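**Q** need a structure here:
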Amino acid sequence: MRKILIPTDFSENAMNALRYGIDLFKYEISEFYFMHAYQDEIYADEESLTRETLDKVKDKVSKRSAKQLQVVLKNANDYSPNPRHTYKVISSNSLLLDEADRIVDQENIDIIVMGTRGKTNDRNLTFGSHTLQTIKYVQCPVLAIPEGYKYVQPKHILFPTNYLIPYKRRELKLLCEIAAPYRATIDMLYISKTKKLSMRQEDNQNFIKETLCKNTINFKVINSKNIVETIYKYIKEHNVDMLVMVNTRHSFLENIIFQSAIDELTLNMDIPFLALQNMRRDQL
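**A** Numbers count the residues shown, from 1 in each chain. Presented below is the predicted three-dimensional model:
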């Protein structure tokens, strides 16, 4: 059974990500967890908040969260009364990252699906702070859905890699099972100044070939120094439906994230972005 966590702030972007997740996994027996972590909302108006009013505010925000989640639940059932799908709601007085971590561990979540922006919707940033923090710190694959993106079957997937990391079998299997029902083609893109691979890179490439055996895989090499520009150009020129990258030490994504350049990559990107995880939180 596939287990999917969908954080929500009840924005249209969050609802759009929810619909995408339901559509993407429509062929799989899946359990969806719609989660709202509301601690920030309790302390949002600090000027008027006092010790005397704190409990009342907590109660009010808690009830509002539970009520809004019931609306989300109804909308999900109305949108897709899929007999393969089970929908659950979680309302929690905690921070989003903490609650996401807890649910991922407790329920053995396979993937988190969320919008790239929430209520704040800063148009100078494609990835809002919650999305970026979830990709960086929560030990679970994260699928980020752009604002207003209408579901399209992922027929063509781009996976840039430098082949320097020992991939996790479970996460490659997840990608394989996302791609397989749609007979998707996966382009493994190596951006380098040389085509020659080291023995370690060859071993990691062979592991990918074995693990993604259900899919058509193209191994591509592009001679370039600018990773971000090359990825963006490839997406536009080859009609890519989904971008996949791995977050780990010495990976393209890790370098981009910690150079604060991920928004340079995604500012004009209008396709879903799947971040696989291969990094423990205590490494950060």
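
**Q** list the buried residues in stretch 57-68.
**A** 57-58, 61-62, 65, 68 (16 or more other Cβ atoms under 10 Å). Placement of C-beta: from N, CA and C, glycine included.

**Q** let me redo that: stretch 133-142
**A** Of the residues in stretch 133-142, 134-136, 138, 140-142 count as buried by neighbour count, 16+ other Cβ under 10 Å.

**Q** just the buried residues of stretch 57-68: which has the poorest pLDDT?
**A** Minimum pLDDT across the buried residues of stretch 57-68 is recorded for residue 57, with 85.

**Q** thinking again about what came up before, next, format the buried residues of stretch 57-68 as CSV and append distance to residue 12 and secondary structure.
**A** Supplementary listing: these in CSV, determined by distance: Cβ to Cβ, whole Å; DSSP: H, G, I helix; E, B strand; the rest coil:
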residue, distance to residue 12, secondary structure
57, 26, helix
58, 27, helix
61, 21, helix
62, 23, helix
65, 18, helix
68, 13, helix
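
**Q** let me have those in CSV, extended by distance to residue 100.
**A** Below are these laid out as CSV (distance: Cβ to Cβ, whole Å):
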residue, distance to residue 100
57, 23
58, 21
61, 19
62, 19
65, 16
68, 18
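
**Q** hmm, back to that, which one of the buried residues of stretch 133-142 is nearest residue 25?
**A** Checking the buried residues of stretch 133-142 against residue 25 with Cβ to Cβ, the nearest one is residue 141 at 12.9 Å.

**Q** give me the nearest residue to the closest one, chain neighbours excluded.
**A** On the basis of Cβ to Cβ, 6 or more residues apart in numbering, the spatially nearest residue to residue 141 that is not a chain neighbour turns out to be residue 111, at 4.7 Å.

**Q** please report how far that neighbour lies from residue 175.
**A** Distance check for residue 111 against residue 175: by Cβ to Cβ, to the nearest Å, it reads 10 Å.

**Q** ditto for residue 97
**A** 24 Å.

**Q** ok, these two, which is more surrounded?
**A** residue 175 (23 against 17; other Cβ atoms under 10 Å).

**Q** how would you label residue 173: helix, strand or coil?
**A** Local secondary structure at residue 173 is given as helix here, using DSSP: H, G, I helix; E, B strand; the rest coil.

**Q** any idea how far residue 179 is from it?
**A** Applying Cβ to Cβ, one obtains 11 Å for the distance of residue 173 from residue 179.

**Q** the two - which one has more neighbours?
**A** Between residue 173 and residue 179, residue 179 has the larger neighbour count (other Cβ under 10 Å), namely 24 against 14.
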